[in-house]
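K.L.:
with the input below, show me the fold.
(one chain, ligands or ions: 1)
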Amino acid sequence: MRRYPGIVCWCLFLTFLFIYTIPAQAAGTVRLIIDEQIIDSDVDPIIHNDRTMVPLRIISEQLGAQVHWDGATRSVRVGLPAGHIRLSIGNSTAYIHEQEYRLDAAPMIVGDRTMVPLRFIGEALGAQVRWDASTRTVYVTGAKAEVRQITLQAELGREVVSIKGSGRIEGTVTRSANQVSITLPEAELIMPEGVYPLKGSLAQSVSVQPLVPGQAKGVQATITLIEPTPFTIRADRGELSIVFPYRLEQLDYEHKSGWETLTISTTGQVPYTVQQLAAPDRLVIHLPGIAVGPQVDRLNISSLLNKEVRVQDNPAGIDIVVDQNRVTKFHVDATATGLKIKFTPQIFGFNYETIPGGARVKISSSGDLRYHVTQLKNPDRLVVDFQNTILACDSPTIDVDDEVTTQIRASQFALDPDVTRLVVELKSYLTHKFSRGQQQGELVLELLTSPILGRYIGIDAGHGGSEPGSVSPSGLREKDINLDIAQRVASNLRAAGAKVFMVREGDVNIDFRDRPEIANRENVDILVSIHCNSFTDPSKRGTEVYYFRDGHGGQALASALHKALIGTLGLPDRGLRTANYNVIRYTRMPAALVEVAYMSNPVEEKLLADPAFRERAAQAITEGIMAYFRDH
Ligand SMILES: [Zn+2]
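P.N.:
All right, here's what the predicted structure looks like:
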């Protein structure tokens, strides 16, 4: 009974000794050599209960396996290129590729390291292990080379075909056209022979077979590529990889949908970094790991933003350099087959000038601007939004004092999406129109004021009341057609700022001899009399415009009306003529008489019966009047 405390003491002492003194004793006394290389391990092999225990992690990693430690279950998982090993501390049952395996001694922990019997390492990793008692050295010489699996992996910038297994997978790699052949004379084929699809953007398939039919040793693998592609070789324990870098295939530069876009086409998805550099201004797109294809040339660009695109090949990959005229905002869109660099157009400045009948705004830009126009009230202003543009302009406000505006101003209205807004404060205007300027990237906005603003214009609808004028075969009466066209003209003229005097407003009789006197009394600026023609021969047709030869400037008015009517209606041109009609002869202002078309002609009668045609005729007459006043 009295000896028990002593035994307990010894046990405690032994435990103490085991934890603290065994590693200290073993250190330096047992060497570990893997493939002729002395391995520096923080824990050296130990001899425990006559078993050589070796550190699992360092040997596994040296042989190309990955070790995961699970602290909760105190277990270790060793991942091999194909399969794995599982074991637990203190448990002499382990699993190799899920097959139960009895260890000579249970795995233990020494100095934070999992130690396993040397023989287990040999079995599990397929390595040859030897214990030399005389030199107290553990030799691990290469695991048996085995091919278990072939995989394709798309890494950024390259495609990698890996032959995976265990041991030293070594051999020769040769290329012929679009095939890469790998001969592994020492390796054993564990996977079934055959052709395996790879479905890469470069590598299509791989075939694996024994090097010599019927023999276990020696493997032949052949990768078939979509096209001949250069490669590099990456060797690791338990793995041999053929690395196919993606290639730069093509460079394109285009102006489209408001952007300037550089398209970099590659054979697969590539990693990239972009750097904006100064002096000289340039954008450098680094594409690490990729190669230049044979078809790639530098690009000359006739853009105000960018000058040229060139490719610099270097050992780490390639750089695509965009030499710039101006630095601008850009976006990079990465796709499965390359990059799109989109450069945001810029507006450099505005120039304003007053022109006869309006004003002209010249917008200088990098080109291909997309715009949207709105006219707003209170105060009257014209707003032009240039979509997807950056304002790079020193003086975006111009104060003006002319007929059109008091001020134009521009601002960066929005960012992302980028909108530049131009506001024109309007005094008056009728129409605007955009056109390309003479300079590259120049857009011209013309603001045309109404030439008839404040003018007093007399319109005379021929006939009326008991006097129908001509009557067409189907019963159309000239007085009605004339009045309808006259009313449409009056409405157009009023919308453009003119004051209008109608000689007759309704279906009333006004003697033709009184008409010039009525116009004279009103003191209108011009008089336009509207009629439709008729003739005994129904084939006679077309448009005529009359003036009085010795009238008060009627010829210029008649000429402007004639030009507009012929241009708009497209009926046969029966000419600009003179006549002695009262309404043009006795008026004291420029006066003209229009014969729109022939009511006696079946084609023109049909047209005159159509309100859409009458509206076109009214617009042509309005246009003729405006054209006349632009010059008078
Ligand atoms: Zn008439």
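K.L.:
burial count for Ala72?
P.N.:
When neighbours are counted by other Cβ atoms under 10 Å, Ala72 registers 5. Heads up, the C-betas are built off the backbone N, CA and C, glycines and all.
K.L.:
now do the phi/psi pair for it.
P.N.:
Dihedral pair for Ala72: phi -70, psi -40, per degrees, to the nearest 10.
K.L.:
please report the distance of it from Ile89.
P.N.:
Distance of Ala72 to Ile89, computed by Cβ to Cβ, to the nearest Å: 12 Å.
K.L.:
quick one: residues contacting the closest residue to Gly258 other than its chain neighbours.
P.N.:
Once flanking residues are discounted, Gly258 sits nearest to Arg370: 4.1 Å by Cβ to Cβ, 6 or more residues apart in numbering. Arg370 is in contact with 257-258, 386-388, counting by Cβ atoms under 8 Å, 6 or more residues apart in numbering.
K.L.:
list the ones among these that fall in strands.
P.N.:
Using DSSP state E, the members of the contacts of Arg370 that fall within strands are 386-387.
K.L.:
any idea which of the contacts of Arg370 is closest to the ion?
P.N.:
Comparing these against the ion with Cβ to the ion places Phe386 closest, at 51.9 Å.
K.L.:
contact partners for the closest one?
P.N.:
Taking Cβ under 8 Å, 6+ apart, one finds 347, 363, 365, 369-371, 419-422 in contact with Phe386.
K.L.:
list buried members of those residues by neighbour count.
P.N.:
347, 363, 365, 369, 371, 419-422 (16 or more other Cβ atoms under 10 Å).
K.L.:
so which of these are in strands?
P.N.:
Per DSSP E, those map to strands at 347, 363, 365, 371, 419-422.
K.L.:
include distance to the ion and pLDDT when you put these into TSV, please.
P.N.:
Formatted as TSV, those follow (distance: Cβ to the ion, whole Å; pLDDT from 0 to 100):
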residue	distance to the ion	pLDDT
Ile347	55	95
Ile363	50	96
Ser365	54	94
Tyr371	47	94
Val419	56	95
Thr420	55	95
Arg421	53	96
Leu422	50	96
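K.L.:
list the buried ones in stretch 235-246?
P.N.:
Across stretch 235-246, burial judged by 16+ other Cβ under 10 Å covers 237-246.
K.L.:
may I see the ones in strands among the buried ones among the contacts of Phe386 organised as a markdown table, with distance to Ser395 added?
P.N.:
Converted to a markdown table, these look like this (distance: Cβ to Cβ, whole Å):
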| residue | distance to Ser395 |
| --- | --- |
| Ile347 | 12 |
| Ile363 | 14 |
| Ser365 | 16 |
| Tyr371 | 21 |
| Val419 | 20 |
| Thr420 | 14 |
| Arg421 | 16 |
| Leu422 | 13 |
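K.L.:
of these, closest to Gln66?
P.N.:
Using Cβ to Cβ, Val419 comes nearest to Gln66 of these, at 53.5 Å.
K.L.:
next up, the contacts around the residue of the chain found nearest the ion.
P.N.:
Per Cβ to the ion, His531 is where the chain lies closest to the ion, at 3.6 Å. When contacts are counted by Cβ under 8 Å, 6+ apart, His531 is found next to 462-463, 469, 478, 482, 593-596.
K.L.:
do stretch 503-520 and the ion meet?
P.N.:
No: using Cβ under 5 Å from the ion, stretch 503-520 stays clear of the ion, with a minimum separation of 9.2 Å.
K.L.:
can you give me how far that stretch is from the chain middle?
P.N.:
Centre-to-centre, stretch 503-520 and its host chain are 66 Å apart (Cα atoms, centre = their mean, to the nearest Å).
K.L.:
with stretch 268-279 instead?
P.N.:
Offset of stretch 268-279 from its chain centre (Cα atoms, centre = their mean): 17 Å.
K.L.:
run through who's touching it.
P.N.:
154, 156-159, 200-202, 246, 282-290, 327, 330, 332, 334-339, 341.
K.L.:
same deal with stretch 220-229?
P.N.:
For stretch 220-229, contacts defined as Cβ under 8 Å, 6+ apart pick out 147, 150, 161, 163, 175, 177-184, 198, 201-211, 242, 244, 247, 267.
K.L.:
at 6 Å what do you get?
P.N.:
161, 163, 177-183, 202-209, 211, 244 (Cβ atoms under 6 Å, 6 or more residues apart in numbering).
K.L.:
give me the number of residues near Arg614?
P.N.:
The local packing of Arg614 (other Cβ under 10 Å) involves 19 other residues.
K.L.:
quick one on the thing from earlier: tell me the one among the buried residues of stretch 235-246 nearest to Leu557.
P.N.:
Within these, the smallest distance to Leu557 is 73.4 Å, found for Tyr246 (Cβ to Cβ).
K.L.:
give me every residue that touches that closest one.
P.N.:
Listed by Cβ under 6 Å, 6+ apart, the contact set of Tyr246 reads 157-158, 266-268, 270, 290.
K.L.:
now it: how far from Gln179?
P.N.:
Counting by Cβ to Cβ, the gap from Tyr246 to Gln179 is 19 Å.
K.L.:
and what of Arg585?
P.N.:
To Gln179, Arg585 is 99 Å away according to Cβ to Cβ.
K.L.:
one step back: filter the contacts of stretch 268-279 down to the buried ones.
P.N.:
Using 16+ other Cβ under 10 Å as the burial test, these include 154, 157-159, 200-202, 246, 282-283, 285-290, 327, 330, 337-339, 341 as buried.
K.L.:
which element follows the worst-scoring helix or strand of the chain on mean pLDDT toward the C-terminus?
P.N.:
Sorting the helices and strands of the chain by mean pLDDT, DSSP states H and E puts helix 4-26 at the bottom, at a mean of 38. Next in sequence after helix 4-26, counting helices and strands by DSSP states H and E, comes strand 31-34.
K.L.:
what comes up buried for the helix or strand containing Glu623?
P.N.:
For Glu623, the element it lies in under DSSP H and E is helix 611-631. Of all the residues in helix 611-631, those buried under the rule 16+ other Cβ under 10 Å are 613-614, 616-630.
K.L.:
and for stretch 208-222?
P.N.:
208-209, 211, 218-222.
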